[in-house]
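**Q** structure of the sequence below:
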Amino acid sequence: MSIPEIRHRVVEAARDQLLRVEFGRSPQKPQSDESGRPWVAQLPTGFDTKRYLDAAESVLAGRFNCFSLGNCYLGLPPDWNRDPKSGVRAPLGVGRLLDYRNEALVGNIKYLWEPNRHLELVTLAQAWHLSGDAKYLHGIRTLLTSWFDQCPYPQGPNWCSSLELAIRLVNWSFVWTLVGGETGLLFAGKSGQGLRERWLDSVYQHCVFISRYPSCHSSANNHRLGELFGLFVASVTWPKWRAAGVWQSSSHEQLLIEVLKQNTSDGVNREQATWYHHEVADMMLIAGVVGRANSIEFPIDYWKRFEAMLEFVAGIMHFGGVVPAFGDSDDAVMVRLSQDPTESVFRSLLATGAVLFGRSDFKAKAGKFDDKSRWLLGDDAARRFDELQVNANRRPPRHSFPDGGYFVLGSDIDTAKEVRIVADAGPLGYLSIAAHGHADALSFTLSAAGREMLVDPGTYSYHTDLKWRDYFRGTAAHNTIRIDGVDQSVSGGRFMWIRHAQVSCEHVDLSGSPQVLVASHGGYLRLADPVRHRRKLIYWPETRILRVEDEILSEAVHEFEIAWHFAEDCKVSLLEGGALVQAEGVELQLSWPPETHARCVCGGTNPPRGWISRRFDAMVACPTVVVSGRNIGHWRGVTELRVNLLCDVRNAR
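**A** Numbering: from 1, shown residues only. Predicted coordinates:
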């Protein structure tokens, strides 16, 4: 920890103690009745209304979406300070002094915080907007009033994290706008005015808290972006206090700085985690449309960086619409605008980007104009999306993202016969702790004909048994080499790496045949006998053969494992010196280096091996082939993967 960070933490601790004197202190009253304009000039209505009303009825029945618990019953109103998974109720007291990582004290904090982001209030507000039925306003009133009663400033687990406050503010902003703002029926009469006063008091307290407790130094990752995003949206929606002008200008300025700092010039979020890439892109998108609607424009560099981030999504998305699950994922959304469970967050971003930037290539990858895009851009945007000609002036897809460290090899890209290999030759993660990165240097995924074959197994959970957290973020869970049974990088905790594997990209040529990528990393140089791992990927498009040449550069004897993780619907048959992997319409033939031993593991628990996590806090068994051996000094081994599309095989016969 640096000297400036230590100094910052000391100052923060002093501020935490000062919070004790703020119990019962009244917030500053608004100096203006002004409100911001809606994020879109005409709020959209072109939806399947029944889907939104059904979702709102579920909320009125006391059911909330909460990770692996699904649509679970919490009550109306719920106990806002209770973890719905464990049943533990967190104590009140100064929230900043609460050890929210202590599960005995607060339960699973992710589960406790999720309902408190108030995504369900947006669902009720959407139902009111589409139906005009006052029972949805009553539901909003019940939830807000109960939250103010149970979560007084600055007490309890919902006054711990500035990021959580920021996301709650953004959802409140959408609710405020959807119910009609200052003149809405929600605020009619004496009781309505009382609710408005309490709500604005809490908005002010949220903004003060976020401005007072920013994420800094090693924690200034997506949390910092989220805090600025929430403060900006809130100050634009509620410009009612003199301080709001300061919050607005400072957050607007710092958002641009952080956006350019935290996302590479070629569009890769530096967390090296695809789900967080989506979250950050959503923050940028919502802040951008809210600002634009209120004549607070972000500069061209901001929008260029956002467009580049969408190009990265399009570049790594395979024909079936799936992107590799690199790095951490917590399934979070900033605002739950769509009630269609089949919609992809990544395709949604591309649909929005297609309209914003007139990109027919984004439209082709998105496939349709989704509900979230309609909520954000309006009904007329659907017409503009339809008018884009997919085959006219379509840009070629980007396959090289050298600043971010990702490269795409393959053939028949974006067709039904596509083979797509996404290789990771990037850094571990962002800043010194690389909180959401995985020890996956030189791993890759492979899909064929829109079917996942070699996969990144995902995240599982943050606050689970440490062995599972370590497994899913460790080297053994990725399609790369592990040396002497240890990870490439050294973990210092659930969200901290204290030694990073440094990756060097040595050669890239994706233009011809074969396509070639050569990279190495020095994560194992820390061993008593230093080891460097170099990997060369060679792909021949005409034969759909991928050759993986692994080199272990050392002096002494080391044990190594090469792991191959397959999607859960793949059938794996071990053969002499190789394997046959089958999925619907696709076969993958593998051969691996001689003098190695292979075993297939599926659902192993001690140690963990052979799992994939598609959703936060959920996992299923998947077949994993582990090829192990021993090197003496410099070792070179070749694995060959031959992709057979069964339709081609049948046609050849």
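
**Q** just the helices in the stretch 551-653 of the chain please.
**A** 646-652 (DSSP state H, counting those that start in this stretch).

**Q** tell me where it has strands.
**A** All strands of the stretch 551-653 of the chain, identified by DSSP state E, counting those that start in this stretch, fall at 557-565, 571-575, 578-583, 586-591, 597-602, 604-605, 608-609, 611-615, 618-621, 623-632, 635-645.

**Q** now mean pLDDT too, for those strands, in JSON lines please.
**A** Below are the strands of the stretch 551-653 of the chain laid out as JSON lines (pLDDT from 0 to 100):
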{"stretch": "strand 557-565", "mean pLDDT": "98"}
{"stretch": "strand 571-575", "mean pLDDT": "98"}
{"stretch": "strand 578-583", "mean pLDDT": "98"}
{"stretch": "strand 586-591", "mean pLDDT": "98"}
{"stretch": "strand 597-602", "mean pLDDT": "98"}
{"stretch": "strand 604-605", "mean pLDDT": "97"}
{"stretch": "strand 608-609", "mean pLDDT": "97"}
{"stretch": "strand 611-615", "mean pLDDT": "97"}
{"stretch": "strand 618-621", "mean pLDDT": "97"}
{"stretch": "strand 623-632", "mean pLDDT": "96"}
{"stretch": "strand 635-645", "mean pLDDT": "98"}
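
**Q** which one of these lies nearest to residue 427?
**A** Residue 427 lies closest to strand 557-565 among the strands of the stretch 551-653 of the chain, at 21.0 Å (CB to CB). Where you see a C-beta, it was placed from the backbone N, CA and C, and this is true even at glycine.

**Q** need the CA coordinates for that closest one. CSV is fine.
**A** Output in CSV follows, covering the C-alpha atoms of strand 557-565 (Å, rounded to 0.1, in the frame of the first residue of the first chain):
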residue,chain,number,x,y,z
VAL,A,557,12.5,-30.4,-13.0
HIS,A,558,8.9,-29.1,-12.8
GLU,A,559,5.4,-30.7,-12.8
PHE,A,560,3.0,-29.1,-15.3
GLU,A,561,-0.7,-29.4,-16.2
ILE,A,562,-2.4,-28.3,-19.4
ALA,A,563,-6.1,-28.0,-18.7
TRP,A,564,-8.9,-28.0,-21.4
HIS,A,565,-12.3,-27.0,-20.1
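
**Q** could you give the angle of that strand to strand 623-632?
**A** Angle between the axes of strand 557-565 and strand 623-632 is 160 degrees (criterion: axes from the mean of the first three to the mean of the last three CA atoms, to 10 degrees).

**Q** list the contacts of the helix or strand harbouring residue 311.
**A** Here residue 311, judged by DSSP states H and E, is contained in helix 300-316. The contact list for helix 300-316 (CB atoms under 8 Å, 6 or more residues apart in numbering) reads 255-256, 259-260, 263, 265-269, 274, 277-278, 280-281, 284-285, 288, 323-324, 346, 349-350, 353, 356-357, 359, 361-362, 365, 397-399, 401, 404, 406, 408, 422.

**Q** residue 574 bridge partners, please.
**A** Counting by DSSP bridges, residue 574 is bridged to residue 579.

**Q** contacting residues for it?
**A** Contacts of residue 574 (CB under 8 Å, 6+ apart): 598, 599, 600, 625.

**Q** any idea how far the residue nearest to the second one when sequence neighbours are not counted lies from residue 472?
**A** So that's residue 599. Nearest residue to residue 599 in three dimensions, chain neighbours excluded: residue 626, at 5.6 Å (CB to CB, 6 or more residues apart in numbering). Residue 626 is 16 Å from residue 472, where distance means CB to CB, to the nearest Å.

**Q** those two - which one has more neighbours?
**A** Taking other CB atoms under 10 Å, residue 626 and residue 472 do not tie; residue 472 has more neighbours (26 against 20).

**Q** now do the helix or strand harbouring the more buried one: which elements does it pack against?
**A** For residue 472, the host element (DSSP H and E) is helix 466-473. Here helix 466-473 is seen to pack against strand 608-609, strand 611-615 when contacts are counted using 3 or more CB pairs under 8 Å, 6 or more residues apart in numbering; DSSP states H and E.

**Q** touching the first one from outside, list them.
**A** Strand 608-609 is contacted by residues 467, 468, 471, 472, 476, 601, 624, 626 when judged by CB under 8 Å, 6+ apart.

**Q** likewise stretch 587-596?
**A** Contacts for stretch 587-596 (CB under 8 Å, 6+ apart): 446, 448, 453, 562, 564, 577-582, 598, 625, 627-629, 637-644, 646, 649.

**Q** distance between it and the chain's centre?
**A** Mean-position distance between stretch 587-596 and its chain equals 34 Å (CA atoms, centre = their mean, to the nearest Å).

**Q** could you work out the end-to-end span of that stretch for me?
**A** 23 Å (CA to CA, to the nearest Å).

**Q** what comes up buried for that stretch?
**A** Burial within stretch 587-596, assessed by neighbour count using 16 or more other CB atoms under 10 Å, is assigned to 587, 588, 590, 592, 593, 596.
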